[in-house]
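> When you get a sec, could you give me coordinates for this:
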Amino acid sequence: MSAVAVPTPGALPRRRPARLAQFRDLAMRAIRSTARGGDALILPIVFPLIILAINVKALHAILGVPGFPTKNVTSFAIALTFLQGALFSGIACASRMAADIESGFIKRIALAPVSMLTVLDARLAGVALAGAVEAVFFIAAARVGGAHVAAGVGGVIALIALSILFNMAFAGVGILLAVRTRSGEAVQSLFPIFFVFVMLSSALMPLSLIDVTWFRDVAEANPATYMLDAVRSLFIGDGDLGELALGAGVAAAVLLLTSALSLKGMRRMVVTP
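The predicted structure is shown next:
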């Protein structure tokens, strides 16, 4: 009768440090690729700021519209800047994920073995750091434009947290598309769809002031509207907890759903040709 192998007391606890080390190495790889890539740092910061400057000039006339929530247009327009930064970061993250899939990196690293959850978390960690950096630039730009975080220091912290969460949510969508299409070109071609999705919201006008019925209905059903409202509540109001919770909750739900689907697809990917 063969003896049953009994693991030594120190054998089981080693798995957790190993996973932490794997996460650290993969997260650093994601952060380095973000730092080296101009599309991963310049686009999510510079382009949204350019669009902010254009929007502030274009939207200045609507300050006189009865019911408009603020006298400083930057306080209203800056919310779109946060979402556009997250959108660009998500596309860049998706492109890098697609490149890893096309090059066979994901399948090779699975032979290590490395958990696909660790690979996914590490990729999202790189995007989270980018979100924090973006928030600092956007808050500074808002100050230059005369906007102030009405909720104070706590509001600044909340803005950074929202930026991180939004970046991860859009990255989650992008990673899911990368896993499904397995093509960097396909992911890049989806950018116009993302952009239209964001613009079909309260990006340029509060819901209460949208007169076109079908557009208002679409904007009300669009998750981006509630993410925008969460950011605006910190600049225009005193950080309404209901709007903050709704915006963060929507982003978290998107992140959790897309991550679960991506993880399922990645696990299937590494066991099939």
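> Which other helices and strands does the helix or strand where Ser95 lies contact?
When secondary structure is defined using DSSP states H and E, the element that contains Ser95 is helix 73-102. Secondary-structure packing of helix 73-102 (3 or more Cβ pairs under 8 Å, 6 or more residues apart in numbering; DSSP states H and E): helix 15-36, helix 38-59, helix 116-144, helix 152-181, helix 184-189, helix 191-199, helix 223-235. For every residue, glycine as well, the C-beta is placed using N, CA and C.
> least reliable of those going by mean pLDDT?
Note on the helices and strands packed on helix 73-102: helix 15-36 shows the lowest mean pLDDT, a mean of 76.
> quick one: buried residues of that helix?
Within helix 15-36, the residues that qualify as buried by neighbour count (16 or more other Cβ atoms under 10 Å) are Gln22, Phe23, Leu26, Ala27, Arg29, Ala30, Ile31, Ser33, Thr34.
> Over to stretch 202-211?
Buried positions in stretch 202-211, judged by neighbour count with 16+ other Cβ under 10 Å: Ser202, Ala203, Met205, Pro206, Ile210.
> Filter those down to the ones in strands?
Among the buried residues of stretch 202-211, the subset assigned to strands under DSSP state E is empty.
> and which of the residues you listed is nearest Gly90?
When the buried residues of stretch 202-211 are compared for distance to Gly90, the smallest value, 16.4 Å, is given by Ala203; criterion: Cβ to Cβ.
> In contact with the residue nearest the centre of the chain, which residues are there?
With distances taken as Cα atoms, centre = their mean, the chain has Asn167 as the residue nearest its mean C-alpha position (1.5 Å). Remark: with contacts taken as Cβ atoms under 8 Å, 6 or more residues apart in numbering, Asn167 is in contact with Gly85, Ala86, Ser89, Gly90, Val127, Ala128, Ala130, Gly131, Glu134.
> hmm, try it at 7 Å
With contact set as Cβ atoms under 7 Å, 6 or more residues apart in numbering, Asn167 has these partners: Ala86, Ser89, Gly90, Val127, Ala128, Ala130, Gly131.
> on that earlier part again, could I get the buried residues of helix 15-36 as CSV with distance to Val179?
Converted to CSV, these look like this (distance: Cβ to Cβ, whole Å):
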residue, distance to Val179
Gln22, 19
Phe23, 19
Leu26, 16
Ala27, 19
Arg29, 18
Ala30, 16
Ile31, 21
Ser33, 18
Thr34, 19
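> now, which of the buried residues of stretch 202-211 lie within helices?
By the criterion of DSSP state H, membership of those in helices covers no residue at all.
> Kindly indicate which of these lies nearest Gly247.
Looking at the buried residues of stretch 202-211 and their distance to Gly247, the nearest is Ser202, at 11.5 Å (Cβ to Cβ).
> rewinding a little: which one among the buried residues of stretch 202-211 gets closest to Asp240?
The shortest separation between Asp240 and any of those is 13.8 Å, and it belongs to Pro206 (by Cβ to Cβ).
> about what we covered before: pick the most buried one from the helices and strands packed on helix 73-102.
Compared across those, helix 223-235 shows the largest average neighbour count, a mean of 24 (mean count of other Cβ atoms under 10 Å).
> Give me the next element, helix or strand, following that helix.
With DSSP H and E setting the assignment, the helix or strand that follows helix 223-235 is helix 241-269.
> one step back: averaged pLDDT, the helix holding Ser95. What do you get?
Along helix 73-102, the predicted local confidence has a mean pLDDT of 90.
> chain center to that helix: distance?
Centroid separation for helix 73-102 versus its chain: 6 Å, with Cα atoms, centre = their mean, to the nearest Å.
> Just want the angle from that helix to helix 15-36.
Orientation of helix 73-102 against helix 15-36 (axes from the mean of the first three to the mean of the last three Cα atoms, to 10 degrees) gives an angle of 120 degrees.
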